[in-house]
Every structure is written in structure tokens, then in C-alpha cells.
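In: Give me a model of this one.
(4 chains)
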4 protein chains.
Amino acid sequence: MIHFDSDYMAGAHPRVMERLLRTNMEESVGYGSDEYTRNAAQKIRRECSMEDADVYFLVGGTQTNATVIDALLRRHEGVLAAESGHINVHEAGAVEATGHKVLTLPQYEGKVKASDVDAYIKEFYADETYEHMVAPGMLYISQPTEYGTVYSMDELTELSEVCHSAGIPLYMDGARLSYALSSEGCDFTLADIARLCDVFYIGGTKAGAMMGEAVVARKGVLKNFFPLVKQHGALLAKGRLLGVQFDELFTDDLYMEIGRYAVRLAMKIKKAFLERGYEAVVDSPTNQQFFRLPNEIMDSLKNHATFELWGTRGETHTVVRFVTSWSTREKDVDTLIELIK
Amino acid sequence: MIHFDSDYMAGAHPRVMERLLRTNMEESVGYGSDEYTRNAAQKIRRECSMEDADVYFLVGGTQTNATVIDALLRRHEGVLAAESGHINVHEAGAVEATGHKVLTLPQYEGKVKASDVDAYIKEFYADETYEHMVAPGMLYISQPTEYGTVYSMDELTELSEVCHSAGIPLYMDGARLSYALSSEGCDFTLADIARLCDVFYIGGTKAGAMMGEAVVARKGVLKNFFPLVKQHGALLAKGRLLGVQFDELFTDDLYMEIGRYAVRLAMKIKKAFLERGYEAVVDSPTNQQFFRLPNEIMDSLKNHATFELWGTRGETHTVVRFVTSWSTREKDVDTLIELIK
Amino acid sequence: MIHFDSDYMAGAHPRVMERLLRTNMEESVGYGSDEYTRNAAQKIRRECSMEDADVYFLVGGTQTNATVIDALLRRHEGVLAAESGHINVHEAGAVEATGHKVLTLPQYEGKVKASDVDAYIKEFYADETYEHMVAPGMLYISQPTEYGTVYSMDELTELSEVCHSAGIPLYMDGARLSYALSSEGCDFTLADIARLCDVFYIGGTKAGAMMGEAVVARKGVLKNFFPLVKQHGALLAKGRLLGVQFDELFTDDLYMEIGRYAVRLAMKIKKAFLERGYEAVVDSPTNQQFFRLPNEIMDSLKNHATFELWGTRGETHTVVRFVTSWSTREKDVDTLIELIK
Amino acid sequence: MIHFDSDYMAGAHPRVMERLLRTNMEESVGYGSDEYTRNAAQKIRRECSMEDADVYFLVGGTQTNATVIDALLRRHEGVLAAESGHINVHEAGAVEATGHKVLTLPQYEGKVKASDVDAYIKEFYADETYEHMVAPGMLYISQPTEYGTVYSMDELTELSEVCHSAGIPLYMDGARLSYALSSEGCDFTLADIARLCDVFYIGGTKAGAMMGEAVVARKGVLKNFFPLVKQHGALLAKGRLLGVQFDELFTDDLYMEIGRYAVRLAMKIKKAFLERGYEAVVDSPTNQQFFRLPNEIMDSLKNHATFELWGTRGETHTVVRFVTSWSTREKDVDTLIELIK
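Out: Numbers count the residues shown, from 1 in each chain, chains lettered A, B, ... in the order given. Here you go, the predicted model:
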């Protein structure tokens, strides 16, 4: 059996694992006050060309989103997001559990449009009853999106401008940021993201780490963040484990190397499916690929490979997702390609 | 100036006011443990043909919705509602503030369809990742809807069946229930509502009371509701004031009389607008009427009458709302009709 | 039967009721945008010698406390309060329901000491693990306290200073403020309170109004308060009802007159009980009086008068509370005094 | 420098680390649906002699407490806990952030007494105003306590009985359960705990795991727990990492071996401090030891060893804590003992 279910199927990238092993017996203070964590933060700041950025390490994506959003919003505000945004669909109501509404925007292959954000905010304040409604207090985007698509530099710039002219922060969920940064045609860098977003996170769990997400914030934007992280149960006692991992991920370009490897394999898969005449649901340049397959093909594939249905099984065709990561073996990709011949 | 802004512009219906005045100097225990409150509850139970119903009196609509929904849902659940539902739009995120997501359904002139509810629930549980999503834990409907439309007996029966076969409660926001019950063509009674819904409330604020909403629940459905009402700040210290008012509203058919009067005036307005060739946005049989008016007509009317814009001003036409109530004078309605000639 | 259970047993003071009646048929816009509300706010500002104070009218005390506290605190903060504080004991966890901890201080006849507040804050920040604990974000006091006692001008000044030197706001629950202001020996005015507190509320429900509490805040301290009031279900649709009542309460000194009347009767009761040799649990100068009575005396009184047990029945003696208000008849007080002879 | 700050200073126990390394490249489904997790759960059930227990693996202690408490309580309820309980002091208000009050009980060396629990509940329901107060909905205890002390079998039995006769669940925070189970004089087993508690957790983070806590619940007590774990951000994407670790911890008695080792070293430290005449603040039989040291001794020790102040520095003496774990080297303990000679 070959596996394309997700990018969190194996443990840690061998280099990350090796680093954890090497430092395992060292003793350090807890909660991220250790030197590894400081070093990792410093490397990330450098990569972001933002020497005074605030950097925090949390354990997982859902808790990172909930904690950051809770920190950014005032009580009467909600968070703007694509209807298909992870926080709106697949986080079990974690944002609402902190008391905030997710205000939905139309999605275009997972992306939101700056013009929609602008219109939403303008119409909101043009409505005489706006004080009876949940105020748009920030914008959430995911990069790449839940459909694997990537906002271009122009799109990010527009979103940043529309947010800042409205006085609300822009927050980017970068659970799979590695794959956006290493996608073909990517025209921005981590430094661009740091400049355009107020807060974003660099996903570790889905890109080589055992677990861990690095939150990067323009200095001072996230106030009293440490106690909030604790309150949200997102503070790792052995905080240095996150520091060690991100320190390694940001050594010798590993974070990008992981992305490039997975994206290259995903492109091979995409090319093969398209050549065989299957329909790609979106044109994703990253490590997630979505195809609408005839049910008999899908069922037959299931005998040899694991992958996820995207939504529910259709009558004749079903959308399925194939995901690659650092742990995907090229020979498994080749086997998959053979299988759909 | 004549007023059609809303149905909460005057104080209390004269009979209600008179009753408050007459009982004003009496002393009774607080928090609704008094005899007036017991009597009012008893009258409501009788009207609902449900002798063992639980009846509670709260102060206002938003808090009633938030408290009931909070009482009915478990922590991982959300409330299904029309996109246009009051809880989704105009309650400043009160439901989310208690930690629950509003799960939106398409609206058809403010109503939801039983088939959409059914499909939502079936698709939810057919999705393999459903435990990562907010479970539909109840259905919220408003009767009449925010657009003034009314669910028929058949529609209510279908909604009730689809909810109960899915094992979730049906809750009806009856802020303007008086106007639904007295609308032309209404084919159900309070007893039908009590039978079909698990919980609903009979709106007082918008139908003759100074303030107050009567929550009616099938026995035992609302557990530990008293402390929750207190926790939500929805418990009136001088609880008997609500009892006195509902006791009067449910004496000699006053609650229905108030509805019939306002609906009759609303129908006069509707007829006149339609005859003059203006477009009714929906075909509302209740005390709220929505018309799309040319801006110059609207602006000219504004010199003589007050009413609300529904949404924001359009380029050439704008949707406006006219509302009647027990306090609307028939001569003001006639003046309005004259004005649009 | 004569009644001393509470100060919310009757409806509204006759002058307030008369005013409600007189204005009942007028039509005005909702949610407190009307002229009565503006006038009432203006009168209160004048009485507070604070022309730019923000004034809001809410329905009840618990919701006022929860809404103000929610507005003042950041997510990682809690509210300091006496162990015996109403928010800590008798509001069904309304503060916690908004996500905030009540941080308790020792109480001395219901009061907190400035030195305890100071020590709490200093010890908090001296603890190296303070970021793992709930930060003291504001101080809540009640005036008079739940035991009827009154903070003196000196005590208030000290509390204000200790709060402001620590950078946290001071909030006063004035549910019964009328009775503190009119207590014998009271050495402060509304203007002093407005100057020393950041936010406080002037209780209407327990001092002549049907319902209603007036929140007074130093300009700008309560940000985005209107949508929060709505979100908390504390916004009255017919907002002008609160305006009308407070307008009347602040006309011709009515609010103080109500306090003076009730306090005078309470002092008669106190004197009588003390003369008969019963123990006053605290030395309350306001409209609540607490005595420790032998159970047989209490039981015998129960045949003629209603009053509350303070806590649970003791083995031989029980603490009971007698409360007076504008609606207490002097002859009932005289009867009570006769009864304990 | 030698380290006694905490029991979460090193990575994972070598055997656990080795297991993680060995399984690192395997691919498995996420969120704990894998075989390692199933095996670990099965081993824990066996150890607990409760074949139908529900077992869940979460990442950290604070989130485990908040999630379990949120799952067990209804909205109007709070959790009883010792004043010194971790949830009341050192979790940044995580319980309150889910809307629930912590109802405090007196602590005796960190423990609560069954008689106090009983009295609290009885007095609560004897109070006529109890519906205005937060109902005691469950009991939280920590074993060992925050002071290192251990409830005996008799004490646990009494607590269990008082809870169950009141109809509320008993929950045990076992962050350091390994050290209680292996403390001298321990007269209970995991099976006893499973029988007496409704829910408890077996701490991994502080006893050999990188991170991870195993929640054990009587079948059916924790309803809809999976989505709640997700909502709380406590669900690890690579769930099998927790399974692998607990599988190893429950192989060949490792979990107990870790406890015994650390406790033996702690006893050496305790004996040495007592022999030198220093005061032990409590008589702790587990891996945390608290001593009141003269400040000059403490300051001098600080040059050679790291440890935590318990509270703030006193004028002449300060309470400090020494903690041992699997990673504490015996020679460091001997050095410490030399230092205080």
C-alpha cells in the first residue's frame, strides 16, 4: 500500500529527528525560555528580514489559529475568512468557542478577493444598524489555501492594503507555507509575507517537524500573548522541543528543501493525472492535488493506495485528494502513476 | 411626522399599562416566583394546550435566543439557521459569544426548507471528517421571518419531522408571533406550534408589552434553565412585571387582537403601494412590509414619515421597511397612503 | 403580612410610574437614541460634574456587571473583588461565562482594603510564574456593599489611587448607590465617585425604577460598548423606557429622596432591634439591616413579616436581613418594631 | 550547574526516544486512529483493569484539564478544587476561559477533605438562593498534589463516595501520577484509581514522554469528546506520536520504573535536607520537595544548582522546590547533598 492521505503521516524529517535525538538528554528550562528557542526565533527573524518581529512557538494549527484570533480581536469583532477557510470548516468551532464569529466571504478556489473584503467592510459601515452586527475585526487567509492554491504577490499586496486602509490586521495561516514558498511561479519570499501580514505562522507539523507552528508578528501587534497561549493550552511544557525543530528547519534551507521536494512529486502526479484525462478540480501548484475521478477508478485505486475523499462520494464521480510531503517516496509516486495508466 | 420604523416605538398597550399601574404598589417576591407570573404561565399553557409545558419570562429577544440556544446545545454543536436569521445577522454575535457557531442554510424569503435541513445533516454525517466540524445540534427558525413571511402548517410540520428524525430540537423565535398568528391565511394555532416545536418564545416587546418574552418548552427540554437565565443577565429582579404583562396579554384575546389590528393596517399599506405600482420585495402577510422604492420617492417620503432602509441605499432604488403595531394610528396609515399617491 | 424581603418588591416609584404613563403613547426610535435618554444622560453628567462622561442605560445589575467587566478586561485578565462580592457569589457565574476569573480578596464587612489590593498586585508581579496566572485587570467594588456597609471618601480615594498607580480601572457596582449617598455620615457625592472611579453604575431597579441601571464612564474608557451591550442581551429595544425613568429619578432630587426615605426607616428598624438586645451582624448605615436572631424569635416573626435568611438556618440563631425601600410603609416598620418588643 | 527546576527539563526517556526513532519513517493515518494509539489504549485499559474504559491522548496538561472539565460540566456548573489546585492558580484561567468558575475548597498540604466537599454541596443546596449561584458540578483533585503530597486509598475512597452520593463526577489530574504510584507507602494501584474516579489522566510529559497525557474515563462519561478535543486545540495531527510513547511507557513497567527512580532520588534529597536541619514545608513522598531555606543558603546554592522559588522571596527565608525525574543524574543529587553540608 502506498500513502497519499496527508502530509502528517510520518514522524519528523530525519534531520529534525536526528537533532531531537542529539539534544535529547540536555536539560533546559521549560516553556520556551531556552537557547534553542531563542536561536530558532532569531533565524526566523533573519529569514523574514524583520529583526524586531515577535516569534512564538505553539504546538498545532487549530490552537494557533484560535489563540492568534483571540488575541487580535476585541469582543464585539469577528474574523473575515473564505467560506472554505480552515477555521470556518475544519476546526470544530474553535474560533466560536472563544466567542468570535467567522464572517464568511466568497471563495475562488479557496482564495478571497481584496475587492470582496473591501466591499464587505464598506457595506458594513454603510448599514445604519451596524452596531447590532459583528464588526469585521481582521482578515484570515490561508497560504496555500485549503485547495492548494497560492496567493500571488499582487494579491497579497492588495489584501494587505485593503486591510490596512480599513485598520484591521491581516493574518495568514501558513500551515503549509513551505509548499507555497516552493511552488512554481511563487513570486514572494518570507520577507514579503512578514512585511504584508501583521501576523502569520510558519507551519512545522505539515513540513518536517513532529509538531509545532512558529507565529511571527509585527512587533507589539500580539499583546500579552504568552498568558493567552497558556490559557489556550497551546504552551508546550518542554518548549525547547519546538525550538530545536525550528532551529533545524531553518538551518541550511531545510524548510524550503522539504517544500521543493514535495511539490516536485506533486507536479509529477498532477501531470500524470492530467495526461490520463482526469480533471483537476483546481489548478494547484502545491503539494495537495484534487482530482474528480470516476468511482470505478477511485475504487480500484483504493486497493493499492490510500488517499482522502474530498467531501462525500458522488454518484458517478468523486473528488479525491493526493498529498505529498518530505516522507513521500518517489517510487511510490511512480507506482501511483503506473496505477492510473 | 408619522412613524413606521418599528413595532417597538411606543410604551405598552394601554390595557397592559393600565394593569401595570393598577398593580404597581403591590409587593411581591422577586425573580418570577410571584402569583402574576404563575397565572400568566398557566394561561399560556392553556392557550398552548400543553398543561405541563415549562414557561419562563425573559426580558428581551436577543438574550432569549442566546440563553435558549446555550441551554439546548452541547459544547461541540452549533445552531442551524437561515443566513438571514436574526441570530446570524442582528444580534451582535450573541450566540457566538456563548461559544457556538451559527451554521447557515439558504433562505427563501427568510425561510429555510426542510429538505435543506435534511441534506445538511445527512451530508454532515456522510463526511468522514465530521468530527472536525461543528455538529448541527438544533434548528432555529423565526416566525414570522425577518422578511415578514410566515411558515405554513405544512412547512412547520416538515421542519419538525426532519429535526426530530435527526434527533435535534426545533426552536422558534416568535418575537413577532402575534403577527404570524393573525396573518391572513394562517393555518396553525399556538397549540400547533407548541406541539411541533421543542422550544419557542412568544414575543411581548414587539406586541404590546413594555418588554418581555415568554419562553415555552416541552416539559424537561430546558434543563437547569433558571440559573442559565440568571447567568445570561436575562432574569428580571422585579419578575412579576413580566407576569403582569403577559397575564394581561393573554386575557380576553388581547395578544391576538394586537396582531390583527397591526396586520390589517399593514395590508392597507401593502395594497396601496402595490396599486401605485411599487414592488414588494417579498409577499409578507404580516406587520412588516418591504418595498423597493425609487430614491426620489423615498427621499420625498422621508420628509413626512419615518421608516427604515433595509440594507444600504441603492443607486436608483432602495429597499425600505414599513412596520405597524398596536400603536400605529389608522389616520397615519391613511396619510402615508395619501403621500404615495 | 408586612414585607422586608428586598428593595425590588413593588413596581416603580409613583412619580416614575406617572412619567411612564404620561409618555406611554409617544413614539420614538429604539435602543436609546431618543431624547428622553439623551436628557437623562445629560442630567446624570451634570450631577456627576463630568460633562463628557459616557452614559449608557442597561436593564439589570448582573448583565451590567458582566458587560462592563467584559468591556474592561483583556482576555488574560481577571477582576479583583471581595470574596463576598455580588459577582463572586450571586450572579450564577456570569463573569466566568464571559471567560474571566474573579480573583478574590478578603472582605471586611463586605469591603476590600486598598492595602490588600496593593499587596495582591505586587505579589502577583513578584512571582516569576505570573504569566501562568490570571492577571489582575481591574477592581470591582460594590457601594454600598452586600452587607450594607459604605466605603468612606478616604477609603474610595485610597482604592482609586492604588488602582491607578497599578494602571487598572476601578469599577463600582452601585445597585444600591442611592442608599449609600443618603446614608448618615456619607462624606462623598456622585461627583466624587465619578472622579474616583473609572466606571460605575447608578442602580435604578432597587431605587425607584421598574428596571434599569445607568452606567457612567470616564470618556473613552468603555470602547465599543454599544455592540457589547447588544451582544450581552442587555440592550432594551424600547430604550427610551430607561431614559424616561432616569430622567424622572434625576428630576427634583428624587433619586436622593428615595434613598433618604428608605434609610430613615432602616435606621428605625436598626435602633429597635439593637434596643431589644439583638445583635447586628454588621453596622450598616443603609437600607439593608442584618441581625442574628434566636430561631424562635425568627420563626415567630415569620408569621407576620417576610424577610430573607442570610445563608442557611443556624442551630440556635440565624442571620436574617430586613430591607427597606421607597415602597416600604412607615406603619409596617412600626408594626415590625411592635412585633419584636 | 546541576538542575532541579522541574521534571520537564530533558526530552524523552531514552527508551521512548528510541521507539520514536524506530517508528519515525512509518506512515500512518492522523489524529490517533492508528495502531500504536490503539495498542497504547489497550495496554492502559489492562493496567486499569477496565476493559471498556475510554482512552484519549492529548498533548499537554492545561489543555487536558480544560477539555475534560468543559466536557463534564453543564453551563451553569463550576468545578470544585483546592485553592492551591493547578487549575485555580497556574493555568492562566483556562477553565474560566471555557465559561466555568473554579469553586475553591480549603487545602491541607494541597489536598481537599471529603468532609469539606460534602459540606460545600450540602450548604449550597440548603441556601434558598442557590439557583443564583454556580452549582458544584464536579470535583477536581491532583494526585500527587501541587505540594507533592499523595491522597491515600482511604481518602480517595471517601472523596469518591461523597462525589457519587452527590451525583457529581470525580476527576483526577495525574500530571505526576507516576510519582504518586511509586511513592513509599502508596496503597493503591491504577486499577483503584480507575474504579474510584470517573475520569483521570496519566501524565506523560512529566514522566518520560516528550509530551502527552492519557485521559482514562469510565465508559460513556465523556460524551462527544473527540470534537471537543479538536475544538480545544488539543488534538495532535500526528496522533500516533502519543500512541507510540504511551505504548512504550506501558511496556515492561517503564512508567513505574521512571517514577520509582525519581522518587528514590527525591527521598535522598529530602533526607539530606532534614538531616542538615532544614525545614520541609510539607512531608512530600514524591519527586517534588519543598524546603524553607535561609536566604543566604539559597543564594549560595544558586551558584551551583538551579531550582525554583515557591512563591516570592521572603525577608530571611524562602521556600524553594527541588524536583527529580528520570533525567536527574544520581551524581548531581550527590553533589547537591554535598553542597548543603
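In: all contacts plus neighbour counts: C-alpha atoms, from now on.
Out: Will do.
In: other SSEs contacting the biggest helix by length in chain A?
Out: Longest helix in chain A, counting residues (DSSP state H): helix A:254-275. For helix A:254-275, the elements it packs on are helix A:177-181, strand A:279-280, strand A:288-294, helix A:330-339, judged by 3 or more C-alpha pairs under 8 Å, 6 or more residues apart in numbering or on different chains; DSSP states H and E.
In: Count the neighbours of A:Glu96 for me.
Out: By other C-alpha atoms under 10 Å in any protein chain shown, 28 other residues sit near A:Glu96.
In: what about the host helix or strand of it and chain C, touching?
Out: According to DSSP states H and E, A:Glu96 maps onto helix A:94-97. No: Helix A:94-97 lies out of reach of chain C by C-alpha under 8 Å from any C-alpha of the partner chain, never closer than 10.4 Å.
In: Say whether chain D is contacted by stretch A:232-246.
Out: Yes: Stretch A:232-246 is in contact with chain D by C-alpha under 8 Å from any C-alpha, via A:232-234, A:236-238, A:241.
In: got the contact list for A:Leu242?
Out: A:37, A:57-59, A:211-212 (C-alpha atoms under 8 Å, 6 or more residues apart in numbering or on different chains).
In: And for A:Ile44?
Out: Contacts of A:Ile44 (C-alpha under 8 Å, 6+ apart): A:55, A:250.
In: One more pass at 10 Å, please.
Out: Shown in contact with A:Ile44 (C-alpha atoms under 10 Å, 6 or more residues apart in numbering or on different chains): A:38, A:50-51, A:53, A:55, A:190-191, A:202, A:214-216, A:246-247, A:249-250.
In: and among the helices and strands packed on helix A:254-275, the most buried is which?
Out: Among the helices and strands packed on helix A:254-275, ranked by average contacts under mean count of other C-alpha atoms under 10 Å in any protein chain shown, first place goes to helix A:177-181 (a mean of 28).
In: Measure how far the helix holding A:Glu96 is from the centre of its chain, please.
Out: 18 Å (C-alpha atoms, centre = their mean, to the nearest Å).
In: before we move on, what about stretch A:289-300?
Out: The answer for stretch A:289-300 is 26 Å, by C-alpha atoms, centre = their mean.
In: quick one: stretch A:315-327 near chain D?
Out: Yes: counting by C-alpha under 10 Å from any C-alpha of the partner chain, chain D has neighbours in stretch A:315-327: A:Ser327.
In: Would you mind putting the CA coordinates of that stretch into PDB?
Out: The C-alpha trace of stretch A:315-327 is given here as PDB (Å, rounded to 0.1, in the frame of the first residue of the first chain):
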ATOM      1  CA  GLU A 315     -23.000   9.200  -7.800                       C
ATOM      2  CA  THR A 316     -20.600   8.600 -10.600                       C
ATOM      3  CA  HIS A 317     -17.500  10.700  -9.800                       C
ATOM      4  CA  THR A 318     -15.800  11.700  -6.600                       C
ATOM      5  CA  VAL A 319     -13.300  14.300  -5.800                       C
ATOM      6  CA  VAL A 320     -10.200  12.900  -4.100                       C
ATOM      7  CA  ARG A 321      -7.000  14.400  -2.700                       C
ATOM      8  CA  PHE A 322      -3.400  13.300  -3.100                       C
ATOM      9  CA  VAL A 323      -0.900  14.800  -0.800                       C
ATOM     10  CA  THR A 324       2.900  14.600  -0.900                       C
ATOM     11  CA  SER A 325       5.500  15.500   1.800                       C
ATOM     12  CA  TRP A 326       9.100  15.000   2.700                       C
ATOM     13  CA  SER A 327       8.200  11.400   3.600                       C
END
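In: and it, does that touch chain B?
Out: No: using C-alpha under 10 Å from any C-alpha, stretch A:315-327 stays clear of chain B, coming no nearer than 12.5 Å.
In: So which of the residues of stretch A:232-246 next to chain D is surrounded by the most neighbours?
Out: That'd be A:Leu241 among the residues of stretch A:232-246 next to chain D, by other C-alpha under 10 Å, with 32 neighbours.
In: Give me the angle between the host helix or strand of that one and helix A:254-275.
Out: Per DSSP H and E: A:Leu241 is located in helix A:240-249. Comparing the axes of helix A:240-249 and helix A:254-275 via axes from the mean of the first three to the mean of the last three C-alpha atoms, to 10 degrees yields an angle of 70 degrees.
In: chain center to helix A:240-249, what's the gap?
Out: Per C-alpha atoms, centre = their mean, the centroid offset for helix A:240-249 relative to its chain is 18 Å.
In: In that helix, which residues are buried?
Out: A:240-249 (16 or more other C-alpha atoms under 10 Å in any protein chain shown).
In: got JSON lines for these, with distance to C:Leu20 and pLDDT too?
Out: Below are the buried residues of helix A:240-249 laid out as JSON lines (distance: C-alpha to C-alpha, whole Å; pLDDT from 0 to 100):
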{"residue": "A:Arg240", "distance to C:Leu20": "66", "pLDDT": "97"}
{"residue": "A:Leu241", "distance to C:Leu20": "67", "pLDDT": "98"}
{"residue": "A:Leu242", "distance to C:Leu20": "65", "pLDDT": "98"}
{"residue": "A:Gly243", "distance to C:Leu20": "66", "pLDDT": "98"}
{"residue": "A:Val244", "distance to C:Leu20": "70", "pLDDT": "98"}
{"residue": "A:Gln245", "distance to C:Leu20": "69", "pLDDT": "98"}
{"residue": "A:Phe246", "distance to C:Leu20": "67", "pLDDT": "98"}
{"residue": "A:Asp247", "distance to C:Leu20": "70", "pLDDT": "98"}
{"residue": "A:Glu248", "distance to C:Leu20": "72", "pLDDT": "98"}
{"residue": "A:Leu249", "distance to C:Leu20": "71", "pLDDT": "98"}
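In: Identify, from the residues you listed, the entry nearest to chain B.
Out: Nearest to chain B among the buried residues of helix A:240-249: A:Leu242, at 24.8 Å, using C-alpha to the nearest C-alpha.
In: quick one: the nearest residue to A:Phe290 once chain neighbours are set aside from chain B, how far?
Out: In space, and not counting its chain neighbours, A:Phe290 is closest to A:Arg321: 4.6 Å by C-alpha to C-alpha, 6 or more residues apart in numbering or on different chains. Separation of A:Arg321 from chain B (C-alpha to the nearest C-alpha, to the nearest Å): 13 Å.
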